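Colleague: the sequence and its predicted three-dimensional model are supplied below.
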Amino acid sequence: MNLEKLNNFTDEQATHTFMQCCTSTTWVNAMVNARPFADERAIANQADLAWQELAEADYLEAFEGHPKIGDVSSLRAKYANTKELAGNEQGLVKEANDDVLEVLSQGNTDYEKKFGFIFIVCATGKSAKQMSDLLQARLPNDKATELINAAEEQRKIFQLRIDKALAEG
């Protein structure tokens, strides 16, 4: 998809495309309604602006669109909606040893229990060990800090997915 194609999509097609990038309905609607975009920078800027204007419930809705890092069954179920652009984001997790995956899995459980949402990290290029270390470093935070951290990681993720969508034919 290129910029011209995105600008000319029906609302339904644009909604589908942006939903692949982020599953916050409010964010997706803001992106669909902001078209046409002058250039790729305008898309990136609008994506960030729309993200900054969301409420906590919108962030939590976006987080729900992600699988737990390292949880294979969760990956299959939750990636069903975003699989077109999320495909290999956790590729290095598959190469991790069982000990690292166990620590990562337990960390995810502890994190979700403490904060009420799953651990969100922009996983592209990170090993399971790196993600596990990041998770452990963030676990002592309070919920307000973690909501900010998770929202920033989600922002990185949707920016990567937008770039990937525009790069595909």
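Modeller: Looks like it came in fine.

Colleague: now do A50 against T25, distance only.
Modeller: A50 sits 12 Å away from T25, going by C-beta to C-beta, to the nearest Å. Where C-beta positions appear, they are placed from N, C-alpha and C, glycine not excepted.

Colleague: more crowded one of the two?
Modeller: Taking other C-beta atoms under 10 Å, A50 and T25 do not tie; A50 has more neighbours (22 against 13).

Colleague: quick one: low-confidence ranges for the protein?
Modeller: Along the chain, the parts satisfying pLDDT under 70 run over 70-97, 169.

Colleague: and the helices in it?
Modeller: For the chain, the helices defined by DSSP state H cover 3-8, 11-19, 25-34, 40-52, 56-64, 72-86, 98-115, 128-138, 143-167.

Colleague: report the contact partners of R155.
Modeller: 47-48, 51 (C-beta atoms under 8 Å, 6 or more residues apart in numbering).

Colleague: at 6 Å instead, please
Modeller: Listed by C-beta atoms under 6 Å, 6 or more residues apart in numbering, the contact partners of R155 are W51.

Colleague: what distance do you get for it to A34?
Modeller: From R155 to A34 the distance is 16 Å (C-beta to C-beta).

Colleague: again, but for L166
Modeller: Distance, L166 to A34, by C-beta to C-beta: 15 Å.

Colleague: the residue nearest to L134 when sequence neighbours are not counted and C21, how far apart?
Modeller: Once flanking residues are discounted, L134 sits nearest to V121: 5.6 Å by C-beta to C-beta, 6 or more residues apart in numbering. Separation of V121 from C21 (C-beta to C-beta): 17 Å.

Colleague: if we can go back for a sec, quick check, the residue nearest to L134 in contact with E152.
Modeller: No: contact status for V121 versus E152: not in contact, 10.0 Å apart, counting by C-beta atoms under 6 Å.
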